[in-house]
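Chemist: have a look at this fold, sequence not included:
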C-alpha cells in the first residue's frame with residue numbers, strides 16, 4: 001500500500017507553505033489542509049479542512065461533486081482574517097467557531113459568491129494570528145495575491161465519513177477524491193501522472209483504506 005501511495009504522489013517540502021498554498025488556491029485548486037492537532041466539535045476550524053477560492057460561484061459545485069459527494073445546493077462557510085471581518089460581513093461580534101450567520105455586505109456578494117447563501121448570509125469563522133498562525137498566514141498570502149481575505153473552509157472528509165484524523169486518513173481521502181493537492185504541515189503532496197493510471201484500479205475509498213490499514 002505504501003508503494004501505491006508513493007507511485008501516485010509527489011511530495012515537496014516548502015519553506016513558505018502559506019505562500020505556495022495561496023498560489024494554488026488562487027489558481028482554483030482544491031486543497032486538503034492538515035495541520036497540528038485535530039479540532040474537537042462539529043466544525044472543521046482550520047486544522048483538518050478542505051480549502052478553496054470563494055471568488056467563483058462554480059467552486060461550490062466543484063467541491064460538492066468532486067469531493068464532498070453531496071447535494072449541489074449545499075453552501076460552504078468562509079474563513080476570514082479577524083481584522084477584516086467587519087469590512088465584509090455585517091455585525092461586530094467575533095465568530096471563532098463558525099457558529100454565527102452574518103449578512104455579507106452587498107458590495108462583497110459578487111466578489112465571494114461561493115460562500116453566500118441564498119438569503120445573503122454566510123456562517124463565518126474569524127481567524128486570529130494568535131489562535132491559528134498558519135491559517136492566518138495563508139489568508140494573508142491569499143489576500144496579497146487576490147485582494148480577498150476570505151477562503152472557503154469545509155471539513156476534510158467525504159459525505160458519510162468522519163472528519164480526517166490521521167495522516168493516513170488524509171492520504172486516503174486525497175487519493176480517492178477530486179482534491180488537487182494535500183498540504184501536511186510544510187509538505188505539499190501532489191498527484192502525478194501515474195495517479196491517472198493507478199488511481200482507477202483502486203478507486204474506491206474502502207479499497208484504498210483497507211489496503212493502507214492492512215500494511
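Modeler: Looks like it arrived, so ask away. Owing to the predicted nature of the structure, the values given are computational and were not obtained by experimental measurement.

Chemist: quick one: which helix or strand includes residue 134?
Modeler: Using DSSP states H and E, residue 134 sits in helix 133-146.

Chemist: where do the strands of this protein begin and end?
Modeler: Taking DSSP state E, the strands of the chain run over residues 9-13, 31-34, 48-52, 77-81, 100-103, 121-127, 150-155, 181-184, 187-191.

Chemist: would CSV of those with distance to residue 201 be doable?
Modeler: C-beta coordinates here come from the backbone N, C-alpha and C atoms, glycine included. As requested, the strands of the chain are exported to CSV (distance: least, CB to CB, whole Å):
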stretch, distance to residue 201
strand 9-13, 15
strand 31-34, 22
strand 48-52, 25
strand 77-81, 35
strand 100-103, 44
strand 121-127, 38
strand 150-155, 28
strand 181-184, 20
strand 187-191, 14
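
Chemist: can you put those in JSON lines and add distance to residue 138, mean neighbour count and mean pLDDT?
Modeler: JSON lines is the format used below for the strands of the chain (distance: least, CB to CB, whole Å; neighbours: other CB atoms under 10 Å; pLDDT from 0 to 100):
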{"stretch": "strand 9-13", "distance to residue 138": "17", "mean neighbour count": "13", "mean pLDDT": "93"}
{"stretch": "strand 31-34", "distance to residue 138": "8", "mean neighbour count": "25", "mean pLDDT": "96"}
{"stretch": "strand 48-52", "distance to residue 138": "8", "mean neighbour count": "26", "mean pLDDT": "95"}
{"stretch": "strand 77-81", "distance to residue 138": "9", "mean neighbour count": "25", "mean pLDDT": "97"}
{"stretch": "strand 100-103", "distance to residue 138": "21", "mean neighbour count": "17", "mean pLDDT": "95"}
{"stretch": "strand 121-127", "distance to residue 138": "9", "mean neighbour count": "23", "mean pLDDT": "96"}
{"stretch": "strand 150-155", "distance to residue 138": "7", "mean neighbour count": "25", "mean pLDDT": "96"}
{"stretch": "strand 181-184", "distance to residue 138": "9", "mean neighbour count": "21", "mean pLDDT": "97"}
{"stretch": "strand 187-191", "distance to residue 138": "13", "mean neighbour count": "18", "mean pLDDT": "95"}
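
Chemist: for those strands, which one sits closest to residue 140?
Modeler: strand 77-81 (6.9 Å; CB to CB).

Chemist: adjacent strands (with direction) for the closest one?
Modeler: Strand 77-81 pairs in its sheet with strand 121-127 (parallel), strand 150-155 (antiparallel), by DSSP bridges.

Chemist: what residues are up against residue 48?
Modeler: 33-34, 38-39, 155-156, 163-165, 170 (CB atoms under 8 Å, 6 or more residues apart in numbering).

Chemist: again, only this time at 7 Å
Modeler: By CB atoms under 7 Å, 6 or more residues apart in numbering, the residues touching residue 48 are 34, 38-39, 155-156, 163-164.
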